[in-house]
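Trainee: only geometry, no sequence info:
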């Protein structure tokens, strides 16, 4: 088949490569000057930074992990890292996840966290239902102590809203529950480890995370057109037209609010639902520093409190690969979320760096480079109406003859590895269409 894919992020180019391998004629249409989307990187002299925060090459799905590593040039072309994540809890470095690091808190905070966790544990096992809002879920799952000392302030910082207005549906199945034995062991000083499935990750030695995108495009067997703004997509008999060019199938990966205007047949009620979808935006601050000694072996660190400045997470980016910074230097990525209200300038940037200095991440006088990149579409705003709204939107797409997927193409809170897995599922769906000629409804697991 002749297939058009709208959007050249990792979802779009991964699918294009998979479909080209099946013998289809695939064209990817990307609005920006180069592909990659949220997976793009940039260079300042000998510094390399990722534009949208610290990505990692990782997946619990071995075929997906193998696919990602192959696109990066193989395991030899990557750096394998033992994950070391922390929380900057006031003046302490507390291991992450927080419930596994509770023994590193003050004694009073330990008592409050453990007492609340046990109470929440008992209430769940005696039938307390899961609350529909995220704030309630935190207390139901973690207890009052963990909520007050980390979960609520951190999540208010990243989501920029009253957590009672957020649905708890997005977190179900995404955040593993710490065994109560682990919490109790940590409380008495015995080390435990959470998220063991992600204890090791990989990262490209050269070029940042965009290396995986370039490895997907190079030799991919498909046509990539950049700088193309798609204006009209419509049916043409049993085929489709994209700005006048005919295709047998159209797959969208562009954020739905950015592309809905190109689909004239979309019903008004569905269009209204799409326009109500909101992203959480991300300013990623890229910082290069001159080093007197090596950085500590942290992978990334969470900052939950307002007095630590606007940053919610700091990635020790030069720890991902020594080639991310020149010799004698290190680099950080500082992530700041917003809902469209933030307009970064030089004074704001100096404030971010100064706050990181007070939080003992760096010394401002060592900073040799500080830049920022504003990403409009970074996280999904999952308010209480989101689940019903997105269900209506997906229902129309899944019966339209078009296909849509990707973090913002389907509004699924997916990391890059999950986007690749979705691309593999779409490949199977297209195989079924090619075999039968019937535009069967996608069945995404």
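Mentor: In hand now; what should we look at? All of these numbers come straight from a predicted model, not from anything done at the bench.
Trainee: what residue ranges in the stretch 51-200 of the chain score low on pLDDT?
Mentor: Scanning the stretch 51-200 of the chain for pLDDT under 70 picks out 173, 194-198.
Trainee: neighbours of residue 292, just the number please.
Mentor: 8 (other CB atoms under 10 Å). For the C-beta atoms, the positions are set from N, CA and C on the backbone; glycine is no exception.
Trainee: now it: how far from residue 418?
Mentor: Taking CB to CB, to the nearest Å as the measure, residue 292 falls 40 Å from residue 418.
Trainee: Residue 20 now?
Mentor: Look at residue 20 and residue 418: by CB to CB, they are 22 Å apart.
Trainee: ok, residue 393 - contacts?
Mentor: 256, 270, 273-274, 277, 411 (CB atoms under 8 Å, 6 or more residues apart in numbering).
Trainee: try it again with 7 Å
Mentor: 256, 270, 273-274 (CB atoms under 7 Å, 6 or more residues apart in numbering).
Trainee: Pick the one among those closest to residue 236.
Mentor: If you rank the contacts of residue 393 by distance to residue 236 using CB to CB, residue 270 comes first, at 21.1 Å.
Trainee: which residue sits closest to that closest one in space, ignoring its chain neighbours?
Mentor: residue 396 (4.5 Å; CB to CB, 6 or more residues apart in numbering).
Trainee: Go ahead and confirm residue 402 touches residue 252.
Mentor: Yes. Contact criterion CB atoms under 7 Å: residue 402 and residue 252 qualify, at 6.3 Å.
Trainee: Which one's more surrounded, the two?
Mentor: Shown here are residue 402 and residue 252; by other CB under 10 Å, residue 252 has more neighbours (26 against 20).
Trainee: contacting residues for that one?
Mentor: By CB under 7 Å, 6+ apart, the contact set of residue 252 is 6-7, 259, 402, 404, 409.
Trainee: beta partners of it?
Mentor: residue 6, residue 404 (DSSP bridges).
Trainee: Got the confidence number for it?
Mentor: If you check residue 252, the pLDDT there is 98.
Trainee: what do you get for residue 409?
Mentor: 98.
Trainee: count of neighbours near it?
Mentor: That count, for residue 409 with other CB under 10 Å as the rule, works out to 25.
Trainee: Could you do residue 90 as well?
Mentor: There are 15 residues near residue 90, going by other CB under 10 Å.
Trainee: Then the one 4 residues further on?
Mentor: Applying other CB under 10 Å, we find 22 other residues in the vicinity of residue 94.
Trainee: In the contacts of residue 252, find the pair that's most separated.
Mentor: 7 and 402 (12.8 Å).
Trainee: can you pull the buried residues of the one helix or strand residue 66 maps to?
Mentor: Using DSSP states H and E, residue 66 falls within helix 62-71. Within helix 62-71, the residues that count as buried by 16 or more other CB atoms under 10 Å are 64-65, 67-69, 71.
Trainee: same check, this time on stretch 351-362
Mentor: Those would be 352-353, 355-357, 359, 361-362, for stretch 351-362 by 16+ other CB under 10 Å.
Trainee: where do the helices sit along the stretch 251-400 of the chain?
Mentor: 256-259, 268-275, 346-358, 386-400 (DSSP state H, counting those that start in this stretch).
Trainee: what comes into contact with the second one?
Mentor: When contacts are defined by CB under 7 Å, 6+ apart, helix 268-275 is touched by residues 256-257, 260, 389, 392-393, 396.
Trainee: Out of these, flag the one nearest to residue 47.
Mentor: residue 257 (33.0 Å).
Trainee: Just the terminal-to-terminal distance for stretch 318-334.
Mentor: In terms of CA to CA, to the nearest Å, the two terminal residues of stretch 318-334 are separated by 13 Å.
Trainee: So for that stretch, mean pLDDT?
Mentor: 98.
Trainee: buried stuff in it?
Mentor: 318-321, 324-326, 329-334.
Trainee: before we move on, what about stretch 36-50?
Mentor: 36-41, 47-50.
Trainee: Do me a favour and get the end-to-end distance for it?
Mentor: 11 Å.
Trainee: Other residues contacting that stretch?
Mentor: Taking CB under 7 Å, 6+ apart as the rule, stretch 36-50 contacts 8-10, 51-52, 55, 207-210, 212-213, 286, 288, 317, 323-326, 331, 333, 369, 371, 375, 378, 416.
Trainee: are any of these buried, and which?
Mentor: Counted by 16+ other CB under 10 Å, these give 8-10, 51-52, 55, 207-210, 212-213, 286, 288, 317, 324-326, 331, 333, 369, 375, 378, 416 as buried.
Trainee: before we move on, the earlier item: would you tell me which of the helices of the stretch 251-400 of the chain gets closest to residue 26?
Mentor: The nearest among the helices of the stretch 251-400 of the chain, by CB to CB, is helix 256-259 at 18.2 Å.
Trainee: tell me which strands and helices that closest one is in contact with?
Mentor: If contacts are counted by 3 or more CB pairs under 7 Å, 6 or more residues apart in numbering; DSSP states H and E, helix 256-259 sits against helix 268-275.
Trainee: What average pLDDT does the helix it packs on get?
Mentor: On average, helix 268-275 scores 98.
Trainee: Flag every buried residue along that helix.
Mentor: 270-271, 273-274.
Trainee: any idea of the angle that helix forms with helix 386-400?
Mentor: Taking axes from the mean of the first three to the mean of the last three CA atoms, to 10 degrees, one finds helix 268-275 and helix 386-400 inclined to each other by 130 degrees.
Trainee: can you pull the contacts of the residue nearest the centre of the chain?
Mentor: Nearest residue to the geometric centre of the chain (CA atoms, centre = their mean): residue 415, 4.7 Å. Residue 415 makes no contacts at all, as judged by CB under 7 Å, 6+ apart.
Trainee: any idea which residue of the chain is furthest from its center?
Mentor: residue 237 (38.2 Å).
Trainee: Please report phi then psi for that residue.
Mentor: phi 70, psi -130 (degrees, to the nearest 10).
Trainee: Kindly report the same for residue 253.
Mentor: phi -130, psi 0.
Trainee: Report all helices and strands that the longest helix along the chain contacts.
Mentor: Longest helix in the chain, counting residues (DSSP state H): helix 416-436. Applying 3+ CB pairs under 7 Å, 6+ apart, we find helix 416-436 packed against helix 10-21, helix 62-71, strand 249-252.
Trainee: moving C-terminal of the longest one, what's the next helix or strand?
Mentor: In this case it means helix 10-21. Next element after helix 10-21 (DSSP H and E): strand 25-30.
Trainee: residues of that following strand that come out buried?
Mentor: Under the neighbour-count rule (16+ other CB under 10 Å), strand 25-30 has 26-30 buried.
Trainee: Now tabulate those residues in CSV and tack on distance to residue 341 and pLDDT.
Mentor: As requested, the buried residues of strand 25-30 are arranged in CSV below (distance: CB to CB, whole Å; pLDDT from 0 to 100):
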residue, distance to residue 341, pLDDT
26, 39, 98
27, 37, 98
28, 33, 98
29, 31, 98
30, 28, 98
